[in-house]
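Novice: here's my sequence, what's the structure:
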Amino acid sequence: MTKPARIALYVQHLLGIGHLRRAAALARALVREGAEVLVLSGGVPVADVDFGTARILQLPPCLAADSAFSALLDEQGRVIDSDWKDKRRELLLKEMAAYRPDVLLIEMYPFGRRQFRFELLPLLYWAQNAKLLVVSSVRDILVDKGRDDRVLEAADLVRRYFDLVLVHGDARLVPFERTFPRAQSIADRLHYTGYVVEDLPPDLASGDRAGGEVLVSAGGGAVGGPLFAAALVARRLSSLKDRPWRFIAGRNLPEADFALLTQAAAIDPGIVVERFRADFTSLLANCHVSLSQGGYNTVMEILALRTPSVIVPFAEGQESEQGLRATLLAERGALDVLDAENLDPALLAATLSRRARQGALEIELNLDGARQSAKILLGARAARAHV
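Specialist: Residues are numbered from 1 along each chain as shown. So this is what the prediction gives:
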């Protein structure tokens, strides 16, 4: 009897929870294909993220100090130091040696998470010596840092340590070289998986959108305050003002921004405010129109559910990923996109009304990324075992 593949999946979320949710979808898909999965999670624990039957090892958590990622903080809000790094690296390597995986799957690195070289480079060296299959899991679009040296470094690390790079996108929308200019130099390792989408029950898209609400969300909420404030003003100006407007604030929305929402709801019975909904996907499937930021996971659910949507991408600092993806989809008519830095409430109100009337345009994209990722990874592992 063939032993099941043992997968170690490393993921580090810092600001939002999108990376963690995508890793969870991959873990569930791998388990469905018969693998054993150990998730090595380095971010702050998040309730209600479904990893299925995968085992979770919570590393000492850290998070970004701000949206510019200016520093890394521990659970107590202190900047992490060399002692903290040493202890976490030792724990990570100890747990890996005890688990003895066949495959090491690393989310984002070496295309991101460079601040974690203190543990990832030793981990890669260990994996190479242990003759593991080493795989990078990366989204479709990278943030443009304007640093050619970093691009060269990432390509060199791929060639040195990685057997596969799973690109969770579809080249018909955006080829990887659009945001990683050295893609050709690692082309023999690149595999497009399609977009990773949360597991969607088959009956979700059968709701009556005509009678639905306006759904406003911003992922985990850490940087959602400006969008929510603009939406409150837009509601008063909108032809949709007689509908319920439901604000899903997110667990990480700052208290001051959450208070603004709850105060508005106390005055206006048409406003509903909630921190979190475990059935968010169901809300998205049945709403009249959605207003959100442009995080990978939310946008992919919007496309899968064909939800009429207006996207206001997060674009602080060098964050270009959400804007590029939303713009490419808007060019194809799948949704509308507005600029966060010049967000006029009257324009927002009009755009929501227009998109609700027009509905969503279905476009041809591969949204089977979780299953395809598992198939590619486990196929490569099986091929190596027979060499």
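Novice: okay, CA-based contacts and neighbour counts for the rest of this
Specialist: Noted.
Novice: quick one: which helix or strand includes Val39?
Specialist: Assigned by DSSP states H and E, Val39 belongs to strand 36-41.
Novice: and that strand, what does it pack onto?
Specialist: Contact analysis of strand 36-41 by 3 or more C-alpha pairs under 8 Å, 6 or more residues apart in numbering; DSSP states H and E lists strand 6-11, helix 18-32, strand 55-58 as its packing neighbours.
Novice: domains in the chain, by residue range?
Specialist: The chain breaks down into these domains under automatic domain parsing: 6-195+367-385, 204-358.
Novice: next one: the longest one to chain centre, how far?
Specialist: Meaning domain 6-195+367-385. 12 Å (C-alpha atoms, centre = their mean, to the nearest Å).
Novice: distance between the ends of it?
Specialist: The first and final residues of domain 6-195+367-385 sit 13 Å from each other (C-alpha to C-alpha, to the nearest Å).
Novice: quick one, strands of the stretch 101-250 of the chain?
Specialist: According to DSSP state E, counting those that start in this stretch, the stretch 101-250 of the chain carries its strands in the segments 103-107, 133-139, 164-168, 190-192, 214-217, 245-248.
Novice: separation between the closest residue to Arg28 other than its chain neighbours and Val196?
Specialist: Sequence neighbours aside, Gly52 is the residue nearest to Arg28 in space, at 5.4 Å (criterion: C-alpha to C-alpha, 6 or more residues apart in numbering). As judged by C-alpha to C-alpha, Gly52 and Val196 stand 16 Å apart.
Novice: who's more crowded, those two?
Specialist: Set Gly52 next to Val196 and count neighbours by other C-alpha atoms under 10 Å: Val196 wins out with 27 against 14.
Novice: contact partners of the helix or strand hosting Leu92?
Specialist: Assessed by DSSP H and E, Leu92 sits inside helix 82-99. For helix 82-99, contacts defined as C-alpha atoms under 8 Å, 6 or more residues apart in numbering pick out Ala8, Leu59, Pro60, Phe118, Glu119, Leu123, Trp126.
Novice: let's see which of those end up in helices.
Specialist: Secondary structure defined by DSSP state H assigns Phe118, Glu119, Leu123, Trp126 of the contacts of helix 82-99 to helices.
Novice: the closest residue to the third one other than its chain neighbours - how many residues pack around it?
Specialist: Right, Leu123. Excluding the flanking residues, the one nearest Leu123 by C-alpha to C-alpha, 6+ apart is Leu93, at 6.5 Å. Using other C-alpha under 10 Å, Leu93 has 17 other residues around it.
Novice: who's in contact with the residue found closest to Cys287 once you drop the neighbours it is linked to in the chain?
Specialist: Spatial nearest neighbour of Cys287, excluding adjacent residues (C-alpha to C-alpha, 6+ apart): Gly212 at 4.6 Å. The contact partners of Gly212, by C-alpha under 8 Å, 6+ apart, come to Arg243, Asn286, Cys287, His288, Val289.
Novice: about what we covered before: so which residues make contact with the strand holding Val39?
Specialist: Residues contacting strand 36-41 (C-alpha under 8 Å, 6+ apart): 4-12, 27, 30-31, 54-59, 61.
Novice: buried members of these into ChimeraX, please.
Specialist: Selecting only the buried entries of those in ChimeraX, with 16 or more other C-alpha atoms under 10 Å as the criterion:
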select :5,6,7,8,9,10,11,12,27,30,31,54,59,61
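Novice: thinking again about what came up before, and the residue nearest to Cys287, what are its phi and psi?
Specialist: Dihedral pair for Gly212: phi -80, psi 180, per degrees, to the nearest 10.
Novice: and for Gln12?
Specialist: phi -130, psi 110.
Novice: related to what we said a few turns ago, now tabulate the domains of the chain in TSV and tack on mean pLDDT.
Specialist: TSV is the format used below for those (pLDDT from 0 to 100):
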stretch	mean pLDDT
domain 6-195+367-385	95
domain 204-358	92
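Novice: ok, Leu328 - contacts?
Specialist: Leu328 sits next to Leu173, Val174 when contact means C-alpha under 8 Å, 6+ apart.
Novice: how about Leu9?
Specialist: Leu9 touches Ala23, Ala27, Val37, Leu38, Val39, Leu40, Leu104, Leu105, Ile106, Glu107, counting by C-alpha under 8 Å, 6+ apart.
Novice: can you say which of the helices and strands packed on strand 36-41 is nearest to Gln322?
Specialist: For these, proximity to Gln322 was assessed by C-alpha to C-alpha; helix 18-32 is nearest, at 11.9 Å.
Novice: that'll do, ta.
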